[in-house]
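1. sequence plus predicted model, see below.
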Amino acid sequence: MTSSPPQPSPFTFRDFRLYWLARLASTIGQMAMVVVIGWQVYDLARANGMDMREAALQLGFVGLAQFVPLFALTLVTGWTADRLDRRFIARATLALEIGCALALAWLTARGSPSLPALFAIAGLLGVARAFAGPALQALAPNLVPRAILPKAIALSSISWQSGMIAGPALGGYLYDASPALPYQVSAALFAVALVCLLLIRPVARSEIAGGTSPWAQMIDGVRYVKRNRLVLGAISLDLVAVLLGGATAMLPIYARDILHAGPEGLGHLRAAPAVGSTLVALWFSFRPLKQEVGAKMLIAVAVFGAATAGFGLSRSIPLSLIMLMLLGAADMFSVFVRQSLIQLHTPDNMRGRVGAVSSLFISASNELGEARSGFLAAIIGAKLAVVGGGVAAVAVTAIWAKIFPELRLARSFDAPNMHPTLARETTP
């Protein structure tokens with residue numbers, strides 16, 4: 001019996017290399033800005049005489065400001081990613097992010113920006129992410145052959161998670177040196193990403209079938225996700241678990257008033273989950289997850305909740321970093337499974353719309369989760385909000401395993417190798 005030839009690396013494809021570098025540079029810039037915006041909002045609120053709970057409420061507003069555009073624009077952004085050149089959309093969003101970074105650099109250089117200004121620019125960043133997410137998710141499968149797409153997804157996750165590691169630490173260090181510097185560096189990184197996307201050549205892709213109205217075409221993405229219970233179960237589990245267990249919004253509180261680590265320590269805390277995620281993504285880039293994908297994802301989400309509760313109870317910087325790394329590693333399992341299911345079992349002419357639905361779920365779990373954490377911490381305190389959220393995430397995992405048996409039965413990403421019922425449901 002002859003063995004199959006080894007598959008090429010996604011990096012052998014020029015346009016994928018440019019895409020990978022663009023994601024890395026833009027994510028570093030985004031995360032450097034996000035961590036500094038969070039610090040400035042919380043620090044400004046405390047300096048204005050607010051107590052910890054009142055300042056935590058302001059952090060909730062930051063998350064809400066980023067979520068509202070994503071929620072409002074989901075159908076439009078997905079349809080746009082399937083109708084227009086995905087490269088052009090990503091380039092336009094980077095231009096908007098450059099403008100946001102330069103505006104914050106100018107405001108910070110003149111003195112501390114006001115809370116309304118920080119909230120407004122956070123909202124504009126939410127608009128940019130609303131359009132960029134579906135376009136970039138749908139662009140990646142156009143750059144490599146289908147056979148190596150799982151490896152490309154893992155490598156793309158590495159670029160994103162590496163940016164999640166470098167960005168917060170870079171933002172903390174640069175802010176310590178000069179408050180306006182992280183925004184200036186972020187603008188330069190967005191410019192590098194823009195140049196990379198400008199160099200990506202035109203890609204062939206499917207077109208939306210004619211004969212239906214734009215509104216009906218937008219709704220098709222929602223219908224597809226609703227009909228595919230495996231995809232629905234995966235993305236909704238991630239939504240609810242991270243919505244309940246997300247602790248990132250509380251990190252400024254832990255860094256300033258609980259762990260007493262300062263802005264530099266905040267950078268380390270924000271980077272720690274991405275360290276764990278990157279290690280898992282790196283492993284998947286060499287050995288992609290193949291067997292019992294659903295059961296392993298359920299276990300990973302439960303570990304995510306337990307690690308979140310452990311972080312909430314910690315009063316030690318080393319233990320806090322370990323718990324954050326563990327929750328990041330567990331979260332990467334869910335990300336990898338969800339993205340692989342979406343990219344492998346969604347027709348190209350629907351990837352933008354389905355990606356927009358997925359982005360809404362991700363945003364709801366992240367930005368809306370930050371708002372929930374901030375609002376809840378304002379009522380019951382940061383520690384109880386984080387610990388209770390982690391415990392709730394573990395409970396939700398057990399509930400989802402019951403109401404979505406498709407998750408427990410998913411053996412692999414390939415439809416022919418799934419449980420027979422799942423194979424029929426996930427075949428486009």
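-> Cool, got the structure.
2. what's stretch 46-60 in contact with?
-> With contact meaning C-beta atoms under 8 Å, 6 or more residues apart in numbering, stretch 46-60 is reached by 38, 41-42, 45, 115, 249-250, 252-253, 256-257, 370-375, 377-379, 381-382. Heads up, the C-betas are built off the backbone N, CA and C, glycines and all.
3. what residues does residue 336 make contact with?
-> Here residue 336 is in contact with 153-154, 157, 280-281, 284, 289 (C-beta under 8 Å, 6+ apart).
4. may I see the buried residues of the helix or strand hosting it?
-> In the assignment (DSSP states H and E), residue 336 maps to helix 317-344. For helix 317-344, a neighbour-count test (16 or more other C-beta atoms under 10 Å) marks 317, 320-344 as buried.
5. buried residues in the helix or strand hosting residue 267?
-> For residue 267, the element it lies in under DSSP H and E is helix 262-286. By neighbour count on 16+ other C-beta under 10 Å, the buried set for helix 262-286 is 263, 265-282, 284-285.
6. stretch 284-302 now?
-> Using 16+ other C-beta under 10 Å as the test for burial, stretch 284-302 gives 284-285, 288-289, 293-294, 296-298, 300-302.
7. could I get the average pLDDT for stretch 90-108?
-> If you average the pLDDT over stretch 90-108, you get 95.
8. measure how far that stretch is from the centre of its chain, please.
-> Taking C-alpha atoms, centre = their mean, to the nearest Å, the mean C-alpha location of stretch 90-108 is offset from the chain mean by 20 Å.
9. for it, buried residues please.
-> Neighbour-count burial for stretch 90-108, counted by 16+ other C-beta under 10 Å, picks out 90-94, 96-98, 100-101, 103-105, 107-108.
10. between the residues you listed, which is closest to residue 139?
-> residue 90 (6.9 Å; C-beta to C-beta).
11. okay, and the closest one sits in which element?
-> helix 86-109.
12. show me what that helix is packed against.
-> helix 14-47, helix 115-139, helix 181-199 (3 or more C-beta pairs under 8 Å, 6 or more residues apart in numbering; DSSP states H and E).
13. how far does it sit from its chain's centre?
-> Relative to its chain's centre, helix 86-109 lies at 19 Å (C-alpha atoms, centre = their mean).
14. same question, stretch 77-84
-> Counting by C-alpha atoms, centre = their mean, stretch 77-84 comes out at 20 Å from the chain centroid.
15. mind listing what's buried along it?
-> Those would be 77-83, for stretch 77-84 by 16+ other C-beta under 10 Å.
16. gap between residue 35 and residue 22?
-> Relative to residue 22, residue 35 is positioned 21 Å away (C-beta to C-beta, to the nearest Å).
17. just residue 267 next, same as before
-> Where residue 22 is concerned, residue 267 sits at a distance of 23 Å (C-beta to C-beta).
18. cool, and residue 187?
-> 15 Å.
19. looking at those two, which is more packed in?
-> residue 22 (26 against 20; other C-beta atoms under 10 Å).
20. was I right about that one contacting residue 191?
-> No - in this structure residue 22 lies outside contact range of residue 191 using C-beta atoms under 8 Å: 10.9 Å.
21. low-confidence ranges, the stretch 151-300 of the chain, go.
-> 204-218, 221, 288-290 (pLDDT under 70).
22. so can I have TSV of the buried residues of stretch 284-302 showing secondary structure and distance to residue 143?
-> Below are the buried residues of stretch 284-302 laid out as TSV (DSSP: H, G, I helix; E, B strand; the rest coil; distance: C-beta to C-beta, whole Å):
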residue	secondary structure	distance to residue 143
284	helix	18
285	helix	16
288	coil	18
289	coil	21
293	helix	24
294	helix	28
296	helix	28
297	helix	26
298	helix	31
300	helix	28
301	helix	30
302	helix	34
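23. distance to residue 69 for these - can I get that in JSON lines?
-> What follows is those, written out as JSON lines (distance: C-beta to C-beta, whole Å):
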{"residue": "284", "distance to residue 69": "31"}
{"residue": "285", "distance to residue 69": "32"}
{"residue": "288", "distance to residue 69": "34"}
{"residue": "289", "distance to residue 69": "33"}
{"residue": "293", "distance to residue 69": "32"}
{"residue": "294", "distance to residue 69": "32"}
{"residue": "296", "distance to residue 69": "34"}
{"residue": "297", "distance to residue 69": "29"}
{"residue": "298", "distance to residue 69": "32"}
{"residue": "300", "distance to residue 69": "30"}
{"residue": "301", "distance to residue 69": "27"}
{"residue": "302", "distance to residue 69": "32"}
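24. can you name the two of the residues you listed that are farthest apart?
-> Longest span within those, C-beta to C-beta: 285 and 302, 24.5 Å.
25. give me the pLDDT value at residue 16.
-> pLDDT, residue 16: 94.
26. go on, residue 56?
-> 77.
27. what about it, which helix or strand?
-> helix 52-83.
28. how far is that helix from where the chain is centred?
-> 13 Å.
29. and for stretch 272-287?
-> On C-alpha atoms, centre = their mean, the centre of stretch 272-287 falls 14 Å from that of its chain.
30. cool, stretch 274-289 as well?
-> Centre-to-centre, stretch 274-289 and its host chain are 15 Å apart (C-alpha atoms, centre = their mean).
31. now do stretch 223-237
-> Chain-centre distance of stretch 223-237: 18 Å, with C-alpha atoms, centre = their mean.
32. buried set for it?
-> 224-225, 228-237.
33. among those, which two are most distant?
-> The widest separation within these (C-beta to C-beta) is 18.0 Å, between 224 and 237.
34. for residue 308, which of the helices and strands packed on helix 86-109 is the nearest?
-> helix 14-47 (17.9 Å).
35. that closest one to helix 86-109, inter-axis angle?
-> 30 degrees (axes from the mean of the first three to the mean of the last three C-alpha atoms, to 10 degrees).
36. now do helix 14-47 and helix 181-199, the angle between them.
-> Using the same axes, to 10 degrees: helix 14-47 against helix 181-199 is 160 degrees.
37. ok now helix 14-47, how far from the chain's centre?
-> The answer for helix 14-47 is 12 Å, by C-alpha atoms, centre = their mean.
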